[in-house]
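S.K.: here are the coordinates; sequence isn't available:
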């Protein structure tokens, strides 16, 4: 079976989940991305990516109890699955391997 690719935005979303910790939900993940990348992140793009990552089996989600503060709606919390952590590590290793020896070429240009 071929390894599924991990896109840049997927990579960032997964890192956002890790940074947000056990109470990671959509808004907190977006806030992590915006704080650490300086990019604006649309909720639609984030939630589509979260759904795709869950379909790939790399993350899992759970619904919390509905709260009056949210108009009776429940928050969906996200967490990494072992397969997702493994894929994130592989992606990091690949990027570091590709960067090895290239930084000086870019810095000198």
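M.R.: It's in. Here the structure is a predicted model, which is why all the values come from computation and not from measurement. Residues are numbered from 1 along each chain as shown.

S.K.: can you give me the end-to-end distance of stretch 77-84?
M.R.: 16 Å (CA to CA, to the nearest Å).

S.K.: May I see the buried residues of it?
M.R.: 77-80, 84 (16 or more other CB atoms under 10 Å). Every residue, glycine included, has its C-beta placed from N, CA and C.

S.K.: Could you list which of the residues you listed belong to strands?
M.R.: 77-80 (DSSP state E).

S.K.: Which strand or helix spans residue 88?
M.R.: helix 82-99 (DSSP states H and E).

S.K.: By mean pLDDT, point me to the weakest helix or strand of the protein.
M.R.: helix 103-108 (a mean of 71; mean pLDDT, DSSP states H and E).

S.K.: Off-centre distance for that one?
M.R.: 29 Å (CA atoms, centre = their mean, to the nearest Å).

S.K.: Model confidence at residue 109, what's the number?
M.R.: pLDDT recorded at residue 109 is 55.

S.K.: Also residue 89?
M.R.: For residue 89, the predicted pLDDT is 96.

S.K.: Could you measure from it over to residue 96?
M.R.: In this structure, residue 89 and residue 96 are 11 Å apart, going by CB to CB, to the nearest Å.
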